[in-house]
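Undergrad: predicted model and sequence follow; I will ask about them next.
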Amino acid sequence: MNRKEEIRKEAAERYKDSDFRVPNMYCFIEGAEWADKNPCPEWHRFSECVPEKGQVIIYAVIEADFKIASYQLMQYDPLLPMPQGDNVSWLAVPEL
């Protein structure tokens, strides 16, 4: 099964009982195809690598047990104290 068939099969299964099956399936398929063409930038864990000093990042702390997420846009400075662990990630913000 190729990716296009996989997307269509998932859309059909997901919306099989929907009152608006066709428009919902169409939107799901279009969204999945767009996401495949525009992959999300990679999130990094601080436990695996750290950003460069002065790099602008999105800093995320996700506490799944409490269903809380905190996001902060910041310029990274290794001298600033920051929580670290498997629930702490960062994403580089591309320069315009």
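TA: Everything's here; your move.
Undergrad: mind listing the helices for this protein?
TA: 3-14, 21-37 (DSSP state H).
Undergrad: tabulate those (CSV), appending mean neighbour count, distance to residue 64 and mean pLDDT.
TA: Any C-beta I mention is one placed from the backbone N, CA and C, and that applies to glycine too. Shown next, in CSV, are these (neighbours: other CB atoms under 10 Å; distance: least, CB to CB, whole Å; pLDDT from 0 to 100):
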stretch, mean neighbour count, distance to residue 64, mean pLDDT
helix 3-14, 13, 24, 93
helix 21-37, 13, 23, 91
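Undergrad: got TSV for the ones you listed, with distance to residue 84 too?
TA: Listed next are the helices of the chain as TSV, based on distance: least, CB to CB, whole Å:
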stretch	distance to residue 84
helix 3-14	36
helix 21-37	30
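Undergrad: tell me how far the ends of stretch 3-23 are from each other?
TA: 20 Å (CA to CA, to the nearest Å).
Undergrad: same question but for stretch 49-56, I mixed them up
TA: One end of stretch 49-56 sits 15 Å from the other (CA to CA).
Undergrad: give me the contacts around it.
TA: For stretch 49-56, the external contacting residues (CB atoms under 8 Å, 6 or more residues apart in numbering) are 44, 57, 73, 74, 75, 76, 77, 78, 90, 92, 93, 95.
Undergrad: equivalent analysis for stretch 66-73, please.
TA: With CB under 8 Å, 6+ apart as the test, stretch 66-73 has contacts from 56, 57, 58, 59, 60, 61, 62, 63, 93.
Undergrad: now stretch 87-96
TA: 41-47, 51, 55-64, 73, 76, 82.
Undergrad: kindly recompute the last result at 10 Å.
TA: 40-52, 55-65, 69-76, 82 (CB atoms under 10 Å, 6 or more residues apart in numbering).
Undergrad: now swap in stretch 18-35 and tell me
TA: Residues outside stretch 18-35 that contact it (CB under 10 Å, 6+ apart) are 3, 4, 6, 7, 8, 10, 11, 12, 13, 14, 15, 16.
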